[in-house]
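**Student:** Sequence and predicted structure below; questions after.
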Amino acid sequence: MKALQFLGEHQPEVSELPVPDIAADEVLIASRSVGICHSDIELLEGRYIIPFTYPIIPGHEWAGEVAATGANVTEFAVGDRVVGECVIGEDHFGFSISGAAAEFFVARPEWLHRIPQNIDYSSGALIETFTVGYYALMRVGNVNASDTVAVLGAGPVGLVTTAAAHALGATVVTVEPSEARRHAALALGADHAVGPEEAEELLGSLTEGRGPSVVMEASGNPKVMSNAIRIAAHGARLGFIGIDVGNEASAPLGLIQSKGLTITGTIGSPGVWPEAIRFLERTGIDLSPLVTERFAADDALDALEASRDGSRNLKVHVELDATL
């Protein structure tokens with residue numbers, strides 16, 4: 001089978017590997033669509049938040065089809081369309097254990113969830129990303145039509161957060177310097193998508209000067225993280241999703257108390273996959289505008305390079321169609 005492997009730092013390769021065997025309690029998955037995430041690039045560059053070793057097959061954003069089941073597996077059958085969670089105890093699928101960027105890979109049934117019929121494989125591979133934004137909104141709590149939600153940053157996580165907040169009924173303002181990403185935010189349900197220099201005036205006019213009742217910080221930029229506190233309304237709820245490690249910016253911390261702010265920080269999406277998938281199914285959210293370029297398995301190295309070009313691409317997918 002073909003597989004994208006990271007052999008070492010800055011050493012990606014499309015390799016020919018044997019189709020893996022499965023144990024009695026395991027499932028063999030045929031990959032159908034695999035997204036490339038910024039964290040995959042960090043893995044290739046030798047950086048990740050938990051220990052890992054090379055060689056490793058990346059791929060934690062995926063959708064696939066059950067190709068075979070072990071003798072003890074009763075929850076899934078050949079032909080089932082599935083996605084899977086990526087935090088496996090202390091391991092991270094696609095990072096510390098090999099992932100889905102291969103024509104076939106091994107999973108366990110407790111990681112897996114069926115894809116609803118109204119979601120295709122390409123959108124199914126965005127479910128992992130969606131769950132991150134959905135989880136952050138659920139942690140913020142009770143987002144509804146009474147809220148004005150400011151989403152700061154329109155990368156993939158900011159965009160799925162935009163889509164979920166819109167589906168919850170809120171007025172959504174996505175703040176993003178890139179015009180192309182602002183257009184994507186509008187396609188995913190933002191009521192307004194503006195550059196940072198316009199945001200404060202617009203948010204003030206929409207809320208009669210109060211400011212947004214919910215601020216979702218999805219950029220990971222320390223200056224933007226600091227500004228989230230400043231623009232929030234009195235009594236606002238803030239959710240920090242954007243990841244930054246090691247950088248600093250001054251922040252008006254006294255506003256946390258004087259405004260009575262509630263602040264949550266989230267990473268990943270533990271415990272919410274079934275409900276997030278039901279949410280997608282019932283709301284009919286169309287995540288397809290996120291996928292801006294697609295590549296075949298043979299061209300996975302080109303897909304990696306394309307994913308680095310944030311001015312051109314939001315989400316790059318590798319699409320596969322192998323059968324046993």
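**Tutor:** Received, thanks. What you are looking at is a predicted structure, and each value in this text was computed from that prediction instead of being measured.

**Student:** Quick check: closest non-adjacent residue to residue 161.
**Tutor:** Excluding its sequence neighbours, the residue lying closest to residue 161 (Cβ to Cβ, 6 or more residues apart in numbering) is residue 133, at 3.5 Å. (Glycine included, C-beta is placed from N, CA and C.)

**Student:** Then residue 230 would be within a strand, right?
**Tutor:** No - assessed with DSSP: H, G, I helix; E, B strand; the rest coil, residue 230 is helix; it does not lie in a strand.

**Student:** Which pLDDT does the model give it?
**Tutor:** On the pLDDT scale, residue 230 is placed at 97.

**Student:** so residue 93 makes contact with residue 99?
**Tutor:** Yes - counting by Cβ atoms under 8 Å, residue 93 touches residue 99, with 5.4 Å between them.

**Student:** The two: which has the busier surroundings?
**Tutor:** residue 99 (27 against 23; other Cβ atoms under 10 Å).

**Student:** quick one: the residue nearest to the more buried one when sequence neighbours are not counted from residue 31, how far?
**Tutor:** Distances taken as Cβ to Cβ, 6+ apart place residue 59 nearest to residue 99, at 3.6 Å, with adjacent residues excluded. From residue 59 across to residue 31, the span is 7 Å (Cβ to Cβ, to the nearest Å).

**Student:** again, but for residue 142
**Tutor:** According to Cβ to Cβ, residue 142 and residue 31 sit 38 Å apart.

**Student:** One more: residue 187?
**Tutor:** With Cβ to Cβ as the criterion, residue 187 and residue 31 are 27 Å apart.

**Student:** between these two, who's got more neighbours?
**Tutor:** In terms of neighbours (other Cβ under 10 Å), residue 31 is the more surrounded of residue 187 and residue 31; the figures are 29 against 16.

**Student:** So which residues of the stretch 51-200 of the chain form helices?
**Tutor:** Using DSSP state H, counting those that start in this stretch, the helices of the stretch 51-200 of the chain run over 121-124, 127-140, 156-167, 179-187, 196-206.

**Student:** give me every residue that touches residue 91.
**Tutor:** Contacts were defined as Cβ atoms under 8 Å, 6 or more residues apart in numbering; by that measure residue 91 touches residue 97.

**Student:** Please name the nearest non-neighbouring residue to residue 211.
**Tutor:** residue 233 (3.8 Å).

**Student:** Could you count how many residues lie near the one you found?
**Tutor:** Neighbourhood size, residue 233 [other Cβ under 10 Å]: 21.

**Student:** returning to what we had before: please identify the most buried of the helices of the stretch 51-200 of the chain.
**Tutor:** Of the helices of the stretch 51-200 of the chain, the one with the most neighbours on average (mean count of other Cβ atoms under 10 Å) is helix 156-167, at a mean of 28.

**Student:** Now do the strands for the stretch 201-324 of the chain: every range, in order, please.
**Tutor:** Per DSSP state E, counting those that start in this stretch, the stretch 201-324 of the chain carries strands over the ranges 214-217, 237-240, 262-265, 291-296, 315-319.

**Student:** Can you give me the buried ones in the third one?
**Tutor:** Yep, that's strand 262-265 we're talking about. residue 263 (16 or more other Cβ atoms under 10 Å).

**Student:** What strands line up against that strand, and which way round?
**Tutor:** Sheet pairing of strand 262-265 (DSSP bridges) gives strand 237-240 (parallel).

**Student:** As CSV, could you dump the C-alpha coordinates of the strand it pairs with?
**Tutor:** Output of strand 237-240 as CSV, limited to C-alpha atoms (Å, rounded to 0.1, in the frame of the first residue of the first chain):
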residue,chain,number,x,y,z
ARG,A,237,-17.7,34.6,28.2
LEU,A,238,-14.3,34.1,26.4
GLY,A,239,-13.1,30.8,24.9
PHE,A,240,-9.4,30.5,24.0
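
**Student:** got a list of contacts for it?
**Tutor:** 136-137, 139-141, 213-217, 225, 228-229, 232, 261-266.
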